[in-house]
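Sequence below, structure please.
(one chain, ligands or ions: 1)
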Amino acid sequence: MTEGFDIGARAKARCDLLGVPPYSEVDGQLTRRFLTPAHAAALSALEDWMRQAGMSVRRDAAANLIGRYEGEATGAKALIIGSHIDSVRNGGRYDGPLGVMLGIDVVEALHRAGRRLPFAVEVIAFGDEEGSRFPASMSCSRAIAGTLDASALEMRDAEGVSVAEALAAFGGDPAGIASAARKPEEVLAFLEAHIEQGPVLEAEGLALGVVTAIAAQKRIMVKIVGTAGHAGTTPMALRKDPGPAAAECLLALERICRAGTDGLVGTVGRITALPGAFNVIPGAVEFSMDIRAETSATRDAAVDAICAEIHAIATARDLKAEIHLMQALAESPCDPSLIGILEEALSDLSLPARRLPSGAGHDAMVMADLCPTAMLFIRCEGGISHNPAEAVTEADCALAARAMLTFIDKLERRERA
Ligand SMILES: [Zn+2]
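Numbering: from 1, shown residues only. Here you go, the predicted model:
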């Protein structure tokens, strides 16, 4: 294969190129939110790169940029390679864009080798995965999967601009958003390459990992109710203080999750003592729980165990526990057959095929409603993401591109069989 460019390394360089204005809204950092001038600038750069790679390019009603490298037969089913190009405020350069740039590199390699496949290869740059401008997230992949709720278009940003208004001003078509939905029969599979956003691959000295599933998640609010009192006049023995009870609950959550399997993790990210004064025994303590695991069954078993402990802790201290489920998201398993192909691709490159779940959400979980999905994780320094310190190596990006090309070779063999 004649490549003539540093496949993968160029993808990283292009992410760096898009890390500054006009591709960022803010000088000195990368902030690229959905439907901003920075988003538009990034799309026009990507459009040029997609054309150079041999793709025809279009934008759909939801402001997705779609490059298509046609298969042997016009209108063939497509392998879609994609990720998001929006960022959080003051984010990193690779979370999202690297998956898009790698897709372009991979297609360019096919194009330069003059290869046509029994399927088309499309590269999609989703505009809104992070939800950093509007309250909703993943609205672009939802539009493609045909699962976007019309109410998402009415959500407003901090300036009061609705998604529909911003989309229309951007050249999208809010009234025709349904036209962005793809038919399952048009799509062979979805492949997303993404930085791990965690420390596992680095800790094990591995460049790449094969994602098994995107984790099931539950968000729960807990309120431990006691009796407020004066911090100076109420003897310790006569208190009904929910504070120490909450502390015991946090330790119980940690103990149960540490003993868990299937990537079980639990986090208390917010704690509030009410009324919240230096000299007042709190009348109640509220805290959030975010519990995730590779399967809903593991997650739910842990949630049940934690909730039982919370009630027991409250009862032992003559307090009351109120527990409210705020959100439950099922796991999104990657396709077993595609996982197998990705594992073989890594083995062909003499890389261990480390399987791991994704604790973070991705467009792939939305695309799973449309077609079989696969995800390739790329090692990132210190597991850091959503931060300017986010870093990947050229060597790892080159390996990722080669793994994706090998994946395509194997998918071709399967489709021709
Ligand atoms: Zn991401």
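
Around the ion, pick out the residues from this structure.
Proximity of the chain to the ion, by C-beta under 5 Å from the ion, involves residues Asp95, Gly96. C-beta: built from backbone N, CA, C; applies to glycine.

Give me the below-cutoff pLDDT ranges for the chain.
Scanning the chain for pLDDT under 70 picks out the ranges 1-3.

Kindly report the domain assignment for it.
Split into domains by automatic domain parsing, the chain comes to 9-214+331-416, 216-329.

so which of those domains is the most packed in?
Mean neighbours per residue, mean count of other C-beta atoms under 10 Å, is largest over those for domain 9-214+331-416, with a mean of 20.

Can you give me the end-to-end span of that domain?
Its first and final residues considered, domain 9-214+331-416 spans 31 Å by C-alpha to C-alpha, to the nearest Å.

what helix or strand is Ala189 on?
Per DSSP states H and E, Ala189 falls inside strand 187-195.

Sheet partners, orientation included, of that strand?
For strand 187-195, the pairing partners within the sheet under DSSP bridges are strand 78-84 (parallel), strand 373-378 (parallel).

Other residues contacting the next helix or strand along the chain from the shortest one?
Think strand 373-378. Downstream of strand 373-378, the next assigned helix or strand under DSSP H and E is helix 394-416. Contacting residues not belonging to helix 394-416 are listed as 6-9, 11-12, 79, 81, 98, 102-103, 105-106, 109-110, 117-119, 121, 188-189, 191, 193, 207-208, 341-342, 344-346, 348-349, 351, 374, 376, 378-379 [C-beta atoms under 8 Å, 6 or more residues apart in numbering].

Cross these against strands and list the overlap.
Leu79, Ile81, Val121, Leu188, Ala189, Leu191, Ala193, Leu208, Ala374, Leu376, Ile378 (DSSP state E).

picking that back up, now do the strand holding Ala189: distance to the chain's middle.
Distance of strand 187-195 from the chain centroid (C-alpha atoms, centre = their mean, to the nearest Å) equals 12 Å.

Okay, angle between that strand and helix 394-416 too, please.
Using axes from the mean of the first three to the mean of the last three C-alpha atoms, to 10 degrees, the direction of strand 187-195 lies 170 degrees away from that of helix 394-416.

can you list the residues that contact the helix or strand just after strand 187-195?
Note on strand 187-195: by DSSP H and E, the next helix or strand toward the C-terminus is helix 200-203. The contact list for helix 200-203 (C-beta under 8 Å, 6+ apart) reads 196, 207-209, 354, 356, 377-383.

Return the set of residues that bridge with Ser56.
Going by DSSP bridges, Ser56 forms beta bridges with Arg68.

One more: Ser332?
Going by DSSP bridges, Ser332 forms beta bridges with Ile214.

just checking, it touches Thr373?
Yes. Counting by C-beta atoms under 8 Å, Ser332 touches Thr373, with 7.5 Å between them.

So for the two, which residues contact both of them?
By C-beta under 8 Å, 6+ apart, Ser332 and Thr373 have these common neighbours: Ala364, Met365.

Tell me where the stretch 101-250 of the chain has helices.
Ranges of helices in the stretch 101-250 of the chain, per DSSP state H, counting those that start in this stretch, are 139-145, 163-170, 200-203, 242-258.
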